[in-house]
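>>> Please work out how this folds:
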Amino acid sequence: MSIFSSTDDAYLAAADANKSPASPSVPSVSRSNVLSLKLSEILSTSYLDSGIRDALQLLGERIQENTPEIRRQFRANVEAEVIEANGQVLEQFSKIAMQLETIGLTIAGMNSTVDELSHSITASQDMTRDMFVEEELLSTQKDEIRTKHALLDAVRIHYVLSDADVETLTSSAEPIDDAFFDIAKHAKQIFADCQALLASENPVVGVEIMDQLSKNIDAAFEKLFYWVQREIRHLSVDDPRIRKNIRRALGFLAERPTMLQNCLDNLSEIRQKIVLREFLEALTEGAKPIELVAYDPFRYVGDMLAWTHSETVNEKETLELIFVADDNGVAPNLEEVLTSEPWTEQLDLKRVIGELTDKNLQSICKPLKTRVDQAISGDLGSTLAYRISTLIDFYRSIFSRFLRDNSQLLNVLKVLETSSMNQFHRSLKDQIQSLKANLPATTTDLQPPKFLHDSLTEMKALMTSFDTSFAIAPESREEEFGKIIEEALEPYLECCGLMSTAGSLSPAEKHIFLVNCYDAAKAVLQLFSFTRSKLGELDGTITKHTAALEEILHDMFLDYSTLKPALNALTQKAADVPLQTLEQFQENKITQLAIALDDFLPSALMDAQTFLHRLSSPRTGNTIIEHAAKMFVQDFSMVENAIVASIEFPRSVFPRTLAEVKVLLVIE
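I've put the predicted structure just below:
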């Protein structure tokens, strides 16, 4: 559509230009030129243009038949349609204009109303501005008052005790229960927190609160102190509730050492009476009273110490149940439990329990000492006195685990141990003095005397008692028992030595007697390991006496065999003197020596055994015979070699050989 309209416009414009009289200077254009221009314009148009395509499409839709008439009327029809459409648009816009005019009037009215309201609001704001300022000020004051009120409530709740709490804390009519301890704890916390109030700008409040609280807390301490004094008189450690209240009360009183010490002294005084009563009942009453059942001093002292040990443990556990929060019994990890108690900061519970245990047992120290002194003061044997001393020392080492070092009970046991040891020494001294004044004679069988057997029996009992003692360190046991041996055995061995010199015994009999005595002592001492040092001394002494017996038996062999003169002549001969010149090495003397040897050798061992038959130890006798025989064989060898060297045919006059002598004397 646009193409044809633009072409027609150009054509009409050209036609009008040709007809116009106002342009005579423009040359005339022929109709053919106009057509050529129009064709050129049409041909130069690009059909790729989107506008051309849209115009052609619209033209195709509006023109059903492409006739000249339709083409000529096309522009007029289109312009008529445009005019008609414009008329419709103008009609619609007229309606809109009328509506816009109405709206404009309405807006103008609204603007007038808004202006009036704005003036009214401005006036109202001017009138209420002071009221808002005042309201804001009042709101701020209200918030401050609310904050102060909340702070006051908090201070009152935290720092001020109620009348009911004060009544519970101070009135003797109110019971001592969990509520009392909770209020007391709260009061002490308030007192501590008042330190913060003292550092504020107005410390007067803190001072007043602390002053009032101090009075209330003092009254609470007084109330609790008298309550504890009453409860201790009827204390039942089997009731967990009573233990709990007593424990909490003592923990509360720990802040007042004087009050606490008075309570503990009162508790100790009551427990001392109870322990003394139970001790006396154990001695004389019950199913098995100690004074009736104990049949000897050792059993009597042992039963009393055993009861004392049991009572010490009971007292310690009783105090632990009072002081330690463990209702199921004494805690196994007592150290941790003691340190976990809240009142250990004011008090060393372990020390307090130890001191109270010691004080509670003081009431039985005097009667215990009296009875033990009576038991050991009579005619007590040395062994029994030593056993009692060891028993006391054993229990003293056990008590030291529960009691402090300066405990009165430990001091008493130490004194009793010293008394029993003194009795042991006195008894030994009296026995030795009595024995030396009346030494018995040796028996014909040369066996140890009866007093030595008795002393060794006592020594065995002493060693058994000493071995069961745990009070002596292992490294010093041998040294300590060495002192006992010096007192309980050495004097008896000395008496045996005096007996060997007092009678008419031969040298061999003296040695045999002493060897028997020392062998008997050795047999007893070697039962225990802490006698090694003394065993070494006994072995040395026995060796000295057996060596003397070996010399005596060797001389007997030389005498009975008549080998001694030849041996002496051989050993005393000068180096330049020929053997043939010696009398003992003449053929007749050698023949006599051979005959004597033949008589001696077959019965030599039997004679030696008969000589030593009174030795208690056959092994010792065999050893002596063996050593003496070896010495004789050495002597025989010297003489035999000399005879063989001095005679041309020695075996004709001296047939015995060294090998034969060894066989006869059983020498390997």
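>>> Map the structural domains onto the sequence of the chain.
What automatic domain parsing lists as the domains of the chain is 2-100, 269-438, 453-539, 561-664.
>>> Would you mind measuring from residue 639 to residue 82?
For residue 639, the distance to residue 82 equals 183 Å [CB to CB, to the nearest Å]. Bear in mind the C-beta positions are built from the backbone N, C-alpha and C, glycine included.
>>> Looking at these two now, which is surrounded by more residues?
Neighbour count, other CB atoms under 10 Å: between residue 639 and residue 82, residue 639 has more, with 22 against 10.
>>> So which bits of the one helix or strand residue 321 maps to are buried?
Using DSSP states H and E, residue 321 maps to helix 297-323. Buried residues in helix 297-323, counted by 16 or more other CB atoms under 10 Å: 297-298, 300-305, 307-308, 311-312, 315-323.
>>> Neighbours of residue 575, how many?
So residue 575, with other CB under 10 Å, has 4 neighbours.
>>> for the one 10 residues further on, same thing?
Around residue 585 sit 22 other residues, with neighbours defined as other CB under 10 Å.
>>> thinking it is in contact with residue 569, fair?
Yes. Counting by CB atoms under 8 Å, residue 585 does reach residue 569; the two are 7.2 Å apart.
>>> Check which helices and strands the helix of greatest length in the chain is in contact with.
Selection of the longest helix in the chain by residue count, based on DSSP state H, yields helix 68-159. Applying 3 or more CB pairs under 8 Å, 6 or more residues apart in numbering; DSSP states H and E, we find helix 68-159 packed against helix 2-19, helix 178-198.
>>> Tell me the buried residues in the helix or strand just after that helix?
Moving toward the C-terminus from helix 68-159, the next helix or strand (DSSP H and E) is helix 163-170. Within helix 163-170, the residues scored as buried using 16+ other CB under 10 Å are 165-166, 168-170.
>>> Can you tell me the SS state at the closest residue to residue 561 other than its chain neighbours?
Nearest residue to residue 561 in three dimensions, chain neighbours excluded: residue 600, at 4.2 Å (CB to CB, 6 or more residues apart in numbering). Reduced to three states with DSSP: H, G, I helix; E, B strand; the rest coil, the structure at residue 600 is helix.
>>> related to what we said a few turns ago, between the helices and strands packed on helix 68-159, which has the poorest average model confidence?
Among the helices and strands packed on helix 68-159, helix 2-19 carries the lowest mean pLDDT, at a mean of 43.
>>> so where is this structure shaky, pLDDT-wise?
Across the chain, residues meeting the criterion (pLDDT under 70) sit at 1-31, 46-48, 151-158, 196-206, 237-242, 325-347, 470-471, 668.
>>> how does it look with 50?
Counting by pLDDT under 50, the chain contains low-confidence ranges at 1-29, 327-338.
>>> Contact partners for the nearest residue to residue 657 once chain neighbours are set aside?
Nearest residue to residue 657, sequence neighbours excluded (CB to CB, 6+ apart): residue 640, at 7.3 Å. Going by CB atoms under 8 Å, 6 or more residues apart in numbering, residue 640 touches 654, 656-658.
>>> and with 10 Å instead?
563, 566, 650, 654, 656-658, 661 (CB atoms under 10 Å, 6 or more residues apart in numbering).
>>> filter these to the buried ones?
563, 566, 650, 654, 656, 661.
>>> pretty sure the fifth one contacts residue 594?
Yes. Under the contact definition of CB atoms under 10 Å, residue 656 touches residue 594, with a separation of 6.1 Å.
>>> Pull up the overlap in contacts between those two.
Counting by CB under 10 Å, 6+ apart, the residues touching both residue 656 and residue 594 are residue 643.
>>> Without its sequence neighbours, what residue ends up closest to residue 482?
Nearest to residue 482 is residue 533, by CB to CB, 6+ apart, at 6.1 Å.
>>> swap in residue 666?
Among residues not flanking residue 666 along the chain, residue 605 sits closest, at 6.7 Å (CB to CB, 6+ apart).
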